[in-house]
Structure formats: structure tokens, C-alpha cells
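S.K.: whatever this is, show me its structure:
(4 chains)
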There are 2 protein chains.
Amino acid sequence: MGLRERKKEKTRLALQDAAFELFLEQGYDSTTIDQIAAAADVSPRTFFRYFTGKDHLVLWFHEQTERTLLEALAERPADEPPFASMTHALRALLRTMELSTPEDNARFLKVRRLLDANPHLASATFARVIETERRLVEAIAARRGVDPGRTPLPHLVVTFVMAAMRIGFTCPADPCGPREIVRRMEETLQLVERSLRPGWDV
Amino acid sequence: MGLRERKKEKTRLALQDAAFELFLEQGYDSTTIDQIAAAADVSPRTFFRYFTGKDHLVLWFHEQTERTLLEALAERPADEPPFASMTHALRALLRTMELSTPEDNARFLKVRRLLDANPHLASATFARVIETERRLVEAIAARRGVDPGRTPLPHLVVTFVMAAMRIGFTCPADPCGPREIVRRMEETLQLVERSLRPGWDV
DNA sequence: CACATTAGTGGCAGAGACTGCCAGCTGACA
DNA sequence: TGTCAGCTGGCAGTCTCTGCCACTAATGTG
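M.R.: Next comes the predicted model:
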């Protein structure tokens, strides 16, 4: 990895860390991009070369999740039943979440607190999750050679599995770390598996 | 209904109709709120007293849908199994969609074309749908007297039924009117019902 | 019918988000 | 070392959205 790329990575992290600190300190809405850029020692103009907007600072994390999920799905054999592939992909994601570093955990908790405090952000995140579902449907339909607009089965498969992810993500109490989230997702996924009639996804 | 309310209704419709005409004519992004307000003969300031933003013009339609859905659910007996209540509520919505006027159909098609042409709008709509799901979960959990954060079953029930709504809404070909959408939703709902093991939602 | 009350509107000023453009700097690579 | 591509900063400008105040019109009351 060249010096240029390392610098970019550093700037991105500086922007995110500065932003989250400001968000939690003085609120998301009352934090301006000028403040974030100033705290990260870059120009406001540069901010928009890294992120499309303020909410992208948060959405970025889900984009990483999506990448992991799509890669895990791509590694499954194409002739495997789609529901099995999806459950395996989700469990692969859960495994990577489990071995996250303490720093990752800290960031995760910050993002969670932000989402809980700002419905608008949670909303944007879920919208992004829907986009992820669309891509997963595309992938599954492609490897089966079917038109996703014509047969609802790929949609159903993805929706059922992602339901576990979405439902498991909602937290009862305030402080809910990644391990607890993973536990809830796994629990919900098993509930989904038990709820479905064997061989439903022919 | 007093004169005041009738006027408001008229202004809202003027704004929406003017906006959709402009959107389809010159694109969503290149249409400014000033243009919309001018076309509807109100001040830009007034626009924001009717809609929170440009996207709200489109989201407004789903808000009506949500209202219908929540009312239909509220009318189901509280001791009915939740999944049955949800399917009934969705079918009640489908029935109201079926007897829509030709004008409603025209607006529906305009909205559809907008959503297809602007991923951002589709995304925002789905985010709003997620919010609807949250409220449905709340309603179902409330009438059972359980904490939705603690038990995933209400979430699951709502997700499964709303999956039919979301999946049925996606269209294969371009011109897809309300009747066709209703047909697809009903079809998908039946698929969901067949996929679930009897008595799964004890 | 006259009046006070209230809701709705228009216009203004201003903050904040975002983009296009150009000039200057700095790794990358031969 | 020199050229080149890529990143950055700053400026100007548009658009979205909000608070505020004065003005008009609908409503309800004596």
C-alpha cells in the first residue's frame, strides 16, 4: 500500500473520529461540516471528496458490512439452495463481527448511540440496507439465471434472512455491544429457520 | 368540512400536481422548490408548511397507505393470532387500492415512474416503509402486552407480511398500474403463507 | 352584524449543504 | 530528475430549509 493510500485512509479516519466526537458532544444536527473539517484539519471542500454528506459518515459502516456480505455470498457454490447460501453468508458476517478489535467496538457503540438518538440516521441506514437487499437479490437471481422481476423467490430468500439481521440489530437496553447484537441476530436467524416449512425454497 | 380545510386540500393538490408535472418534464433533481411553488401559485415559504421537503411530495402517498394499514390492523380483534391480523390488514389495504379512481391511478403511475427514475426517492420510500413496520410492530406488541425489544415475534410477523407488500411493489416491466401491483402483492402474500410452518407464530 | 380570535400566507434574512472550477502542491513512476 | 496524475484548498454560487414578523382571511361569539 503506497504512501498516498495510507494518507487517504488516515484522513478518512480523522474525519470520522472528529465527527463522532462532535456528534456525541454537541448533537448531530448542530454539528456543521465546517466544524468537522476544521477538527480533522482539512478543508470543507475536501470533506466532500471523502463523503457524500454528513450521514455518509455513519452509512460508511454499513457499506463495509455490505461488502463482507456480498463477498461471503459470492464464495458459496452456485448450485447450493439460495436460502442456505444466504444463512451461511450472514453467519460469515457474524463471525467477522465477533473478532472485532476493542477500537472497532468503541466505534460500533458510538454509531449505535447516534442511531438511537437520531431517527433520521436510523432511517437512512435502513434505506441503505434495502439497497443491500436489492444487490443480494441481484446476485442470487444472477447465479440461478432468473429474472428477479419475474420470480419473487430470490426476494423472499433475502428478505427472510435479512429480517434476522434487521430485527437482531434493534436493541432493548441502551448499551448493546457487537457481541450482544451478534447473539440476537443468530437467535433471530434460528427462529426464522424454524418458522419456515422444510423445502419451501424448492 | 369548512372552507379553510377545503382550501388547504386544494393547495396541497395544486402543489403535488404541479410538482409531478415538472418532475416528469424536466427531471426531479433539476426541479427547484421555487419552480414548484410558482407553478402552484403559492410562495416558496408556504411550500414548507405543507411538505417537509421535495421528497415528501412523493412520500406523502405512502403515509396515506400507512394510515389505512394501521386503521385496518386496529379493527382486528386483539385476541386474533398476530400473523392472521396482519394478513387481514394487508388484504384490506389491497381492497381499497382496487377501487381507486382513474385519477388516483394516473397519480400512482406518475409516482411509480418517479421512483423508477430516481433511486434516491425509492430509497427514501423504503426507509419510510421501515418506519411503518416499526409502528405496526408497536401496535401488535401493545395489544399483546409484550415488550417489542425483548421478543422478536412481532417483528417477524410484520416483516413476513410486509415482505409481500415490498416485493409485490417491485415491477418487472415499466407500466405497472395499481391493479397489477395488487395482484403481485396478493400472489407474494400467498407464497409467504405457504412457506411458513403452520402454527409458527404461537 | 360587528368584533375578537385564530389559522394561513408572503416576504425577508440567514445558515447550512453541496457543486463546479481553477490553481497549487505532492506522491508516483520512468 | 523531470513529468504526470491525483489530491487539496479556496472561491463563488445555487439550493434547501428555518425563524421571524406583518398582513389577510376564515371562524366563532355576543
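
S.K.: going forward, measure contacts and count neighbours with C-alpha atoms only.
M.R.: Fine.

S.K.: so what's the residue nearest in space to the middle of chain A up against?
M.R.: Geometric centre of chain A, nearest residue: residue A:62, 2.5 Å, by CA atoms, centre = their mean. Going by CA atoms under 8 Å, 6 or more residues apart in numbering or on different chains, residue A:62 touches A:125, A:128, A:129.

S.K.: who touches stretch A:168-181?
M.R.: A:97-98, A:105, A:108-109, A:112-113, A:182-188, B:149-150.

S.K.: from start to finish, how long is it in a straight line?
M.R.: In stretch A:168-181, first residue to last residue: 6 Å (CA to CA, to the nearest Å).

S.K.: what residues sit buried inside that stretch?
M.R.: A:168, A:169, A:170, A:171, A:176, A:178, A:181 (16 or more other CA atoms under 10 Å in any protein chain shown).

S.K.: quick check: residues of chain A near DNA strand D?
M.R.: A:4, A:7, A:8, A:11, A:41, A:42, A:43, A:44, A:45, A:46, A:49, A:50 (CA under 7 Å from any atom of the strand).

S.K.: can you name the next helix or strand after the one helix or strand residue A:35 maps to?
M.R.: Per DSSP states H and E, residue A:35 falls inside helix A:33-39. Next in sequence after helix A:33-39, counting helices and strands by DSSP H and E, comes helix A:44-50.

S.K.: which helices and strands sit right next to that following helix?
M.R.: Under the contact definition 3 or more CA pairs under 8 Å, 6 or more residues apart in numbering or on different chains; DSSP states H and E, helix A:44-50 sits against helix A:33-39.

S.K.: distance from the helix it packs on to the middle of the chain?
M.R.: Centroid separation for helix A:33-39 versus its chain: 25 Å, with CA atoms, centre = their mean, to the nearest Å.

S.K.: quick revisit: got a winner among the contacts of stretch A:168-181 for most neighbours?
M.R.: Neighbour tally across the contacts of stretch A:168-181 (other CA atoms under 10 Å in any protein chain shown): the maximum, 25 neighbours, falls on residue A:185.

S.K.: excluding chain neighbours, what is closest to it?
M.R.: Once flanking residues are discounted, residue A:185 sits nearest to residue A:168: 4.1 Å by CA to CA, 6 or more residues apart in numbering or on different chains.

S.K.: using the three-state scheme, assign that neighbour.
M.R.: What DSSP: H, G, I helix; E, B strand; the rest coil gives for residue A:168 is helix.

S.K.: any idea how far it is from residue A:187?
M.R.: 8 Å.

S.K.: quick one, strands of chain A?
M.R.: Shown for chain A, no strands are assigned by DSSP state E.

S.K.: now tell me which helix or strand of it has the poorest mean pLDDT.
M.R.: Ranked by mean pLDDT, DSSP states H and E, the weakest helix or strand in chain A is helix A:102-117, scoring a mean of 94.

S.K.: quick one: mean pLDDT for the helix holding residue A:35?
M.R.: For helix A:33-39, mean pLDDT rounds to 98.

S.K.: against which helices or strands is that helix packed?
M.R.: Using 3+ CA pairs under 8 Å, 6+ apart, helix A:33-39 sits against helix A:3-26, helix A:44-50.

S.K.: just the CA trace of the shortest one, in PDB.
M.R.: The one in question is helix A:44-50. Below are the C-alpha coordinates for helix A:44-50, written out as PDB (Å, rounded to 0.1, in the frame of the first residue of the first chain):
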ATOM      1  CA  PRO A  44     -14.600  21.700   4.000                       C
ATOM      2  CA  ARG A  45     -14.200  21.100   0.300                       C
ATOM      3  CA  THR A  46     -12.100  18.000   0.900                       C
ATOM      4  CA  PHE A  47     -14.700  16.600   3.200                       C
ATOM      5  CA  PHE A  48     -17.000  16.100   0.200                       C
ATOM      6  CA  ARG A  49     -14.200  14.200  -1.600                       C
ATOM      7  CA  TYR A  50     -14.400  11.600   1.100                       C
END
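
S.K.: list the buried residues of it.
M.R.: Those buried within helix A:44-50 under the rule 16+ other CA under 10 Å are A:44, A:47.

S.K.: and residue A:175, how far from residue A:181?
M.R.: 10 Å.

S.K.: correction: residue A:21
M.R.: Distance from residue A:21 to residue A:181, by CA to CA: 23 Å.

S.K.: for residue A:68, same thing?
M.R.: Separation of residue A:68 from residue A:181 (CA to CA): 17 Å.

S.K.: ok, now residue A:69?
M.R.: 16 Å.

S.K.: and what of residue A:122?
M.R.: To residue A:181, residue A:122 is 16 Å away according to CA to CA.

S.K.: tell me the domain ranges of chain A?
M.R.: Here the domain parsing of chain A from automatic domain parsing is A:1-52, A:55-195.

S.K.: wait, which of these is closest to DNA strand C?
M.R.: domain A:1-52 (3.6 Å; CA to the nearest atom of the strand).

S.K.: tabulate the residues of chain A next to DNA strand D (CSV), appending distance to residue B:154.
M.R.: Listed next are the residues of chain A next to DNA strand D as CSV, based on distance: CA to CA, whole Å:
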residue, distance to residue B:154
A:4, 50
A:7, 47
A:8, 44
A:11, 43
A:41, 47
A:42, 47
A:43, 47
A:44, 44
A:45, 46
A:46, 45
A:49, 42
A:50, 39
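
S.K.: which two from those end up farthest apart in space?
M.R.: The two members of those with the most space between them (CA to CA) are A:4 and A:44, at 19.9 Å.

S.K.: residues near residue A:41, how many?
M.R.: Neighbours of residue A:41 (other CA under 10 Å): 13.

S.K.: DNA strand C contacts on chain A?
M.R.: A:2-5, A:30-34, A:45, A:48, A:52-54.

S.K.: taking these, tell me the two that lie furthest apart.
M.R.: Maximum pairwise distance among the residues of chain A next to DNA strand C (CA to CA): 36.8 Å, between A:2 and A:30.
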